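>>> build me a model from this:
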Amino acid sequence: MTTPPRAVCRIVIADDHAIFRHGVASLLAREDDLQVVGEASDGDEAVACYRDLRPDVIVLDLVMPRLDGFEALLRIRHMDPDAKVIVLTTYDTEEDINRVLRAGAKAYLLKDVPAAELVRCIRDVNAGKMRIAQGVAAKLADRFTQVQLTVREVSVLSLVAEGLNNRAIGERLGISEGTVKVHVAHLFDKMGARSRTDLVAVAVRKGLVRRGSD
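Numbers count the residues shown, from 1 in each chain. So this is what the prediction gives:
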């Protein structure tokens, strides 16, 4: 008995780097059941491509000009709640991963993903499955198992990231320097940090403070 051919999955690729975008398109062109029907170089174009072409799957970068990938994801999902969006990016902070998945993306992959895994991911997402890269899944699991910070600890952490010492933090928050020291000690313990520099680095990696904060 002859196996029936797979239905063709129509794909849009959105990435502001033309060489990378064309490379992915060339890779997918080798597959009989995958067809790139459109490309976008920024978030606005991604939304327009989705609106005009209604692809089965859209592969979306997070950082793009004019409109970033996250906002494009929100607009596409608002336009079509059943949209199948794969985020393919270099950014892997827990905050980025969490907000993208909460916004409805069906997969989160990093750009160093093997070609075969990207192809398999597109097929799985088109079939209604979710896919998360192994390293991304580990970060996501860590987010949900980590000890939660109190509101005061978050405030202290953000000021540590700004480079303030304990006395300055106390003055800013209206608490004693000794109380700040206690909060900082708790932060070291909860986040496994050995120094203030290490604390900020861990906080950035976990998406608790932005890179621009220090």
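>>> quick one, helices of the protein?
With DSSP state H, the ranges of helices along the chain come out as 18-29, 43-53, 69-79, 94-102, 115-126, 134-145, 151-161, 166-173, 177-191, 196-205.
>>> low-scoring stretches of this structure, by residue?
1-5, 135, 137-147, 210-214 (pLDDT under 70).
>>> which ones are touching the nearest residue in space to Phe188 that is not next to it in sequence?
Leaving out its chain neighbours, the residue that sits closest to Phe188 by Cβ to Cβ, 6 or more residues apart in numbering is Leu199, at 6.3 Å. Every residue, glycine included, has its C-beta placed from N, CA and C. Counting by Cβ atoms under 8 Å, 6 or more residues apart in numbering, Leu199 makes contact with Leu157, Val160, Val184, Leu187, Phe188, Met191, Ala193.
>>> measure Gln148 to Leu159 for me?
According to Cβ to Cβ, to the nearest Å, Gln148 and Leu159 sit 19 Å apart.
>>> what do you get for Val57?
On the measure of Cβ to Cβ, Val57 and Leu159 end up 43 Å apart.
>>> which one's more surrounded, these two?
Between Val57 and Leu159, Val57 has the larger neighbour count (other Cβ atoms under 10 Å), namely 22 against 19.
>>> returning to what we had before: is it possible to get TSV of the helices of the chain that adds distance to Cys9?
Listed next are the helices of the chain as TSV, based on distance: least, Cβ to Cβ, whole Å:
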stretch	distance to Cys9
helix 18-29	9
helix 43-53	13
helix 69-79	17
helix 94-102	21
helix 115-126	5
helix 134-145	22
helix 151-161	43
helix 166-173	53
helix 177-191	42
helix 196-205	35
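>>> between these, which one is closest to Val36.
Among the helices of the chain, helix 18-29 comes nearest to Val36, with 4.5 Å by Cβ to Cβ.
>>> from the chain's centre, how far out does that closest one sit?
Distance of helix 18-29 from its chain centroid, counting by Cα atoms, centre = their mean, to the nearest Å, is 21 Å.
>>> one step back: just the buried ones from the contacts of Leu199, in PyMOL syntax?
This is the PyMOL syntax for the buried subset of the contacts of Leu199, where burial follows 16 or more other Cβ atoms under 10 Å:
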select buried, resi 157+160+184+187+188+191+193
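>>> quick check, nearest of the contacts of Leu199 to Ala46?
Closest to Ala46, out of all of the contacts of Leu199 and judged by Cβ to Cβ, is Leu157, at 34.3 Å.
>>> how is this protein carved up into domains?
9-143, 146-213 (automatic domain parsing).
>>> among the ones you listed, which is the most enclosed?
Most buried of these, by mean neighbour count (mean count of other Cβ atoms under 10 Å): domain 9-143, with a mean of 18.
>>> is it correct that Val87 is in contact with Leu110?
No - here Val87 lies out of contact with Leu110, judged by Cβ atoms under 8 Å, at a distance of 9.5 Å.
>>> quick check: neighbours shared by these two?
Common neighbours of Val87 and Leu110 (Cβ under 8 Å, 6+ apart) do not exist.
>>> quick check: Gly192 touching Val202?
Yes - here Gly192 reaches Val202: they are 6.9 Å apart, a contact under Cβ under 8 Å.
>>> ok, and what's touching stretch 29-46?
Contact with stretch 29-46 is made by 5-16, 18, 21-22, 25, 28, 48-49, 52-53, 55, 58, 60, 64-69, 71-72, 76, 119, 122-123, as judged by Cβ under 8 Å, 6+ apart.
>>> before I go, just wanted to say thanks for your time.
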